[in-house]
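Visitor: Pasting a predicted model and its sequence here:
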Protein chains: 2
Amino acid sequence: MRVLGIDPGTAITGWGVVESIDGVLNPVAFGCIRTTPKQSRAERLKQIYERLVEVIEEMEPDRMAIEKIFFNINVKTALSVGQARGVCLLAAAVTGVPAYEYNTSEVKNVITGYGRATKSEVATRVKELLRLDVIPRPDDITDALAIATTDLMTRAVDSLPCDQSRHEC
Amino acid sequence: MRVLGIDPGTAITGWGVVESIDGVLNPVAFGCIRTTPKQSRAERLKQIYERLVEVIEEMEPDRMAIEKIFFNINVKTALSVGQARGVCLLAAAVTGVPAYEYNTSEVKNVITGYGRATKSEVATRVKELLRLDVIPRPDDITDALAIATTDLMTRAVDSLPCDQSRHEC
């Protein structure tokens, strides 16, 4: 089972592919899509969309996992993240990959066992779980790996088939 | 000069094409894209995106005009509108149509001459300006026509070439 985690953003969209083989988690590939304010907003979204479709075609994930947006952000940020998130979900739909969402406290809880863990605690635990030499930077990549890992660990516990998940986007 | 106005939303995305010939405004076509909560969010965004690409290919607008999001909405709405707006901007970028944005007070000011006009006053004036028999429903369509009309009327005054507009998304 292979999951593509996504941390969407207009400037940086992090992505990370994690595979579970016989209950062992393996990082397959990760990276981020960077855009610049010199591009128009529409061009930035196009770049995110097109690169993500390439990643999906290359990596062939079974699912996409994406963060449910936290509500402690302001409206301007919500709009910007929403726009990037929209084209990421579109990339999933166009390539036929089902997308599932997890909220921040679920990610923290599954990864560290503690729903109020700090960002740094989550990153350190992701590094351990995936046996990485270093914590990937920028943070957006580690966040994407954390979401993919959450999806795999949650399903291992719940044994929910994809299409019965209450998390589907 | 032909402009496609868009009022993005996950449940209803309104669109309207307005043309200006020798300074006379003509409504060319308008409609809306409806999705249902029975679909996954990703599928809804895919439907909006694909239908909008069809509309653009059929109508061949020179520009897209879209509302700059008003900040008197809550974070949840901003996220949802942001997602729909993201796939609309992507449709513009993928088809090579430049997208421009206008905020609500600009639309009200250009259409009615009064930045605090009510929604109903704007709708009535759009009906008059475009010589429509009735105000199109749902509101999302009239809002889309108002934005397209604003773009055409603003440029008639400013005489700004497309690529020098300060409004580009």
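Guide: It's in. Residues are numbered from 1 along each chain as shown, chains lettered A, B, ... in the order given.

Visitor: tell me the contacts of residue A:2?
Guide: Residue A:2 makes contact with A:17, A:18, A:19, A:20, A:28, A:59, A:60, A:61, A:62, A:63, according to Cβ atoms under 8 Å, 6 or more residues apart in numbering or on different chains. All C-beta atoms are positioned from the backbone trio N, CA, C, and that covers glycine.

Visitor: go again using 7 Å as the cut-off
Guide: Residues near residue A:2 by Cβ atoms under 7 Å, 6 or more residues apart in numbering or on different chains: A:17, A:19, A:28, A:60, A:61, A:62.

Visitor: and if you look at residue A:132?
Guide: Counting by Cβ under 7 Å, 6+ apart, residue A:132 touches residue A:27.

Visitor: and residue A:36, how many neighbours does it have?
Guide: Using other Cβ atoms under 10 Å in any protein chain shown, residue A:36 has 9 other residues around it.

Visitor: Helix or strand: which one has it?
Guide: Per DSSP states H and E: residue A:36 is located in neither a helix nor a strand.

Visitor: I'd like to know how far it sits from chain B.
Guide: Residue A:36 is 15 Å from chain B, where distance means Cβ to the nearest Cβ, to the nearest Å.

Visitor: List the residues that contact that residue.
Guide: Contacts of residue A:36 by Cβ under 7 Å, 6+ apart: none found.

Visitor: Quick check on it: phi, psi?
Guide: The phi and psi values for residue A:36, taken as degrees, to the nearest 10, are phi -120, psi 150.

Visitor: ditto for residue A:6
Guide: Backbone torsions for residue A:6, taken as degrees, to the nearest 10, come to phi -130, psi 130.

Visitor: Return the per-residue confidence for it.
Guide: Per-residue pLDDT puts residue A:6 at 98.

Visitor: what's the closest non-adjacent residue to it?
Guide: residue A:66 (4.6 Å; Cβ to Cβ, 6 or more residues apart in numbering or on different chains).

Visitor: thought that neighbour was touching residue A:98?
Guide: No. Judged on Cβ atoms under 7 Å, residue A:66 makes no contact with residue A:98 at a distance of 11.2 Å.

Visitor: Okay, and the beta partners of the residue nearest to residue A:6?
Guide: residue A:6, residue A:101 (DSSP bridges).

Visitor: count of residues packed around it?
Guide: So residue A:66, with other Cβ under 10 Å, has 25 neighbours.

Visitor: What is the neighbour count of the residue in chain A positioned nearest to chain B?
Guide: The nearest approach of chain A to chain B comes at residue A:82, 2.1 Å away (Cβ to the nearest Cβ). Applying other Cβ under 10 Å, we find 26 residues neighbouring residue A:82.

Visitor: any idea how far the helix or strand where residue A:42 lies is from the chain center?
Guide: If you go by DSSP H and E, residue A:42 is part of helix A:41-59. How far helix A:41-59 lies from its chain's middle: 14 Å, per Cα atoms, centre = their mean, to the nearest Å.

Visitor: Buried residues, that helix. List them.
Guide: Buried residues in helix A:41-59, counted by 16 or more other Cβ atoms under 10 Å in any protein chain shown: A:41-53, A:55-56, A:59.

Visitor: Can you list the residue ranges for strands in chain A?
Guide: For chain A, the strands defined by DSSP state E cover A:2-7, A:12-21, A:24-34, A:63-67, A:99-102.

Visitor: for those, which one ends up most surrounded?
Guide: Stretch with highest mean neighbour count among the strands of chain A: strand A:2-7 (a mean of 27; mean count of other Cβ atoms under 10 Å in any protein chain shown).

Visitor: Could you tell me the angle between that one and strand A:24-34?
Guide: Taking axes from the mean of the first three to the mean of the last three Cα atoms, to 10 degrees, one finds strand A:2-7 and strand A:24-34 inclined to each other by 40 degrees.

Visitor: so strand A:2-7 versus strand A:12-21, what angle?
Guide: Using the same axes, to 10 degrees, the inter-axis angle of strand A:2-7 relative to strand A:12-21 is 160 degrees.

Visitor: would TSV of the contacts of residue A:2 with pLDDT be doable?
Guide: Below are these laid out as TSV (pLDDT from 0 to 100):
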residue	pLDDT
A:17	98
A:19	98
A:28	98
A:60	98
A:61	98
A:62	97
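
Visitor: Could you pick out which of these are also in contact with chain B?
Guide: Among the contacts of residue A:2, none lies close to chain B by the criterion of Cβ under 7 Å from any Cβ of the partner chain.

Visitor: number of nearby residues for the residue nearest to residue A:85 when sequence neighbours are not counted?
Guide: Residue nearest to residue A:85 in three dimensions, not counting chain neighbours: residue A:8, with 4.3 Å by Cβ to Cβ, 6+ apart. Residue A:8 has 29 neighbouring residues, counting by other Cβ under 10 Å.

Visitor: Quick one: residues contacting residue A:8.
Guide: Residue A:8 makes contact with A:66, A:81, A:84, A:85, A:88 under the criterion Cβ under 7 Å, 6+ apart.

Visitor: and chain A, which of its residues are near chain B?
Guide: Residues of chain A that fall close to chain B, judged by Cβ under 7 Å from any Cβ: A:40-43, A:45-46, A:49, A:69, A:71, A:73, A:75-76, A:78-87, A:89-90, A:92-94, A:99, A:168-169.
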